[in-house]
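Student: Show me how the following folds:
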Amino acid sequence: MLRRLHIRQFVLVDELELEFDPGFTALTGETGAGKSILIDALKLALGERGDASVLLPGAPRAEISAEFDTPSQLVGWLDEQGFEPGETVLLRRVIDAQGRSRGYLNGSPATLAQLREAGDSLVDIHGQHAWQSLARSDSARELLDAYAGAAAERQACAQAWRAWRDAEQQLQAARQDAGQLLRERESLQLELAELDRLAPQPGEWEPLNAEHRRLAHAAELIEQLQGACAWLDDEESGALRMLARAQQALQPAAAIDPGLQPVLEQLDQLHTLGAELGHELAARLRQADVDPQRLAEVDARLSAWMGQARRQRVAPDQLPAHWQQLRARQQQLEQGADLEALAARERAAHARLGEAAARLSERRAGACERLAQGVRALMQELGMQGGDFAVALRELPQIQSAGAESVELLVAGHAGAELRPLARVASGGELSRIALALAATTAAQQPVGTLLFDEVDAGIGGAVAHTVGRLLGALGADRQVLAVTHLAQVAAAASRHLQVDKASRGGRSFSSVRALEPQARVLEIARMLGGDASSEVALAHAREMLQAAAVPAAPARARRARAKAG
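Tutor: Model prediction:
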């Protein structure tokens, strides 16, 4: 539920912080006092678009923060999105004078889409014109699916539809491009014929070049190795012979001067190292050999490799990867040219779509009458005695991502009237009552903890208004309900009452909100009843109304029990 709402420099509000309780809270006030400001501010925190027009005149920026209890269904989403889950979730929105907007979720930057997605799990908003969207088939279908608990079936149907559409598009493209694909296959086969013969392997290019250089300069290499061996091990003038002579000359001197012994040892080490180098050079010389046949083989492969690289317009070391890409494209073209296989794939995908749509249709059909009964029963209590309500499924010519049928809400406002589409119901009062009946019937199926009603009681009064108050009070027994209302009967049914006032300071108007204590609440209810709000008659009527609303009505209790059982 909503715990706290903080508003700063927004429209007519300088700064305001409100704490909210469970149950049904009514928001009332004089016309123009700014009752909808709280709702508009909350909508912005929940990701609705806004601009600089929402700022208090002269303010550099507006800030709105809304803190909610964290519902269980939101914890996983917060973690996936990189937001730190906690006992509460804090949504914050800042809009500056240039119209730039920033959003935050639990202190971390968030996009408007993320705020909206989080808000869908926190608040369900019912406006006074909710019927307008429900007149559209897609909105009515979403309402029915939510009521039916068909989220999994709808997602499965959407996935099956996308898979079928992809298969169908591939089949159509293959049929249209069959000639072009055939020409591309033939051209690719010619290219691959030469590359297949060469079969360039990854990591082969550099070793092949090194071997070619070695073979091409084999004679020169042998000559240089022989020269090095001679300089090192020639019997007359080789380095080893000279080192041995130096050792012989120094040995007598070391006997006279022991300090020369380390020098003699170093000469011995040099002679040993020189001998080892001589063995290594001799081994290399034995391995070095002029191999014209291998040189010709390597030269031929190197030439073929470079020729293919030029023809394919790639670097020589990239030729193996390019070869594999062409082979993959050939396989793709062969699969694309198999029209029968593509047609079979499309038929299988369409069959799976039909099965998914059938499961969704079954779920919808099972919920239609339950939804209709709930709304129909509330219509009788809302002054539409004898009225009827139905949910009609209309089969579509072709299965869509949302299923095989459209959904239409049908209404008859009084006994004997013909069921007609919701969009054709003319009375504004009837539309408001039907919207409220729908909201009350489907609210029990919604996982959100806060329901917000923005003047859904417009156009009604009298006994019907008492029923609306009882309905909202009954909903508040299971979750948090906030309602902006102008009806005393509705406000009297609330467990908490907030009053919105507007006052002038320094030639400017400001709105404020205060929680009403019992006596102040009596005065506000008396004002809402009309006439002289300070008269004893009006005050007595207000007290009586509040006392009557404090006792839950039997029909409301029974309906709540039916909703839980259903």
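
Student: Is the closest residue to Glu204 other than its chain neighbours inside a helix or a strand, and which specific one?
Tutor: Using C-beta to C-beta, 6 or more residues apart in numbering and skipping the chain neighbours, the partner closest in space to Glu204 is Pro320 (7.2 Å). All C-beta atoms are positioned from the backbone trio N, CA, C, and that covers glycine. In this assignment (DSSP states H and E), Pro320 forms part of helix 319-337.

Student: One more: Ala66?
Tutor: Using DSSP H and E, the element containing Ala66 is strand 61-69.

Student: Repeat that for Val89.
Tutor: According to DSSP H and E, Val89 maps onto strand 88-96.

Student: and if you look at Leu143?
Tutor: helix 137-148.

Student: export that helix as CSV, just CAs?
Tutor: What follows is helix 137-148, C-alpha atoms only, in CSV (Å, rounded to 0.1, in the frame of the first residue of the first chain):
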residue,chain,number,x,y,z
SER,A,137,-11.9,-4.2,-27.7
ASP,A,138,-8.3,-4.4,-26.7
SER,A,139,-8.9,-2.7,-23.3
ALA,A,140,-12.0,-4.9,-22.7
ARG,A,141,-9.9,-8.0,-23.6
GLU,A,142,-7.1,-7.0,-21.2
LEU,A,143,-9.7,-6.5,-18.4
LEU,A,144,-11.3,-9.9,-19.0
ASP,A,145,-7.9,-11.6,-19.2
ALA,A,146,-6.8,-10.0,-15.9
TYR,A,147,-10.0,-11.1,-14.3
ALA,A,148,-9.7,-14.6,-15.7
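
Student: Packing partners of that helix?
Tutor: helix 130-134, helix 339-381, strand 388-400, strand 403-412, helix 428-443 (3 or more C-beta pairs under 8 Å, 6 or more residues apart in numbering; DSSP states H and E).

Student: what angle do the next helix or strand after it and strand 388-400 make?
Tutor: Toward the C-terminal end, the helix or strand that comes next after helix 137-148 (DSSP H and E) is helix 151-176. Interaxial angle, helix 151-176 versus strand 388-400 (axes from the mean of the first three to the mean of the last three C-alpha atoms, to 10 degrees): 30 degrees.

Student: helices or strands next to helix 151-176 in the packing?
Tutor: On a contact count with 3+ C-beta pairs under 8 Å, 6+ apart, helix 151-176 meets helix 319-337, helix 339-381, strand 388-400.

Student: Alpha carbons of the first one, in CSV - could you do that?
Tutor: Put plainly, it is helix 319-337. Output of helix 319-337 as CSV, limited to C-alpha atoms (Å, rounded to 0.1, in the frame of the first residue of the first chain):
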residue,chain,number,x,y,z
LEU,A,319,40.4,-16.4,-45.4
PRO,A,320,39.6,-19.4,-43.2
ALA,A,321,36.8,-17.5,-41.4
HIS,A,322,35.5,-16.2,-44.7
TRP,A,323,35.4,-19.7,-46.0
GLN,A,324,33.3,-20.8,-43.0
GLN,A,325,30.9,-17.9,-43.5
LEU,A,326,30.3,-18.8,-47.1
ARG,A,327,29.6,-22.4,-46.1
ALA,A,328,27.1,-21.2,-43.5
ARG,A,329,25.4,-19.0,-46.1
GLN,A,330,25.3,-22.0,-48.5
GLN,A,331,23.6,-24.1,-45.8
GLN,A,332,21.1,-21.3,-45.2
LEU,A,333,20.3,-21.0,-48.9
GLU,A,334,19.7,-24.7,-49.2
GLN,A,335,17.3,-24.6,-46.2
GLY,A,336,15.6,-21.5,-47.6
ALA,A,337,15.2,-23.2,-51.0
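
Student: per-residue confidence averaged over that helix?
Tutor: The predicted model gives helix 319-337 an average pLDDT of 80.

Student: again, but for the shortest one
Tutor: Computed over strand 388-400, the mean pLDDT rounds to 95.

Student: quick one: that strand to helix 137-148, angle?
Tutor: 110 degrees.

Student: what pairs with strand 388-400, and is each one parallel or antiparallel?
Tutor: strand 403-412 (antiparallel) (DSSP bridges).

Student: mean confidence for the partner strand?
Tutor: On average, strand 403-412 scores 94.

Student: how distant is it from the center of its chain?
Tutor: Taking C-alpha atoms, centre = their mean, to the nearest Å, one finds the center of strand 403-412 at 29 Å from the center of the full chain.

Student: Next: stretch 339-350.
Tutor: Its chain's C-alpha centre and that of stretch 339-350 lie 32 Å apart, by C-alpha atoms, centre = their mean.

Student: Pull out the buried residues from it.
Tutor: For stretch 339-350, burial by neighbour count (16 or more other C-beta atoms under 10 Å) applies to Leu342, Arg345, Glu346, Ala349, His350.

Student: any idea how the protein splits into domains?
Tutor: Listed by automatic domain parsing, the domain ranges of the chain are 2-122+448-565, 182-336.

Student: can you tell me which of the ones you listed the model trusts least?
Tutor: Among the domains of the chain, domain 182-336 carries the lowest mean pLDDT, at a mean of 80.

Student: ends of stretch 194-211, how far apart?
Tutor: 23 Å (C-alpha to C-alpha, to the nearest Å).

Student: Name the residues of that stretch that are buried.
Tutor: Using 16+ other C-beta under 10 Å as the test for burial, stretch 194-211 gives Leu195, Pro200, Trp205, Leu208, Glu211.

Student: shouldn't the fourth one be in contact with Val298?
Tutor: Yes. In this structure, Leu208 sits in contact with Val298. The criterion is C-beta atoms under 8 Å, and the distance is 6.6 Å.
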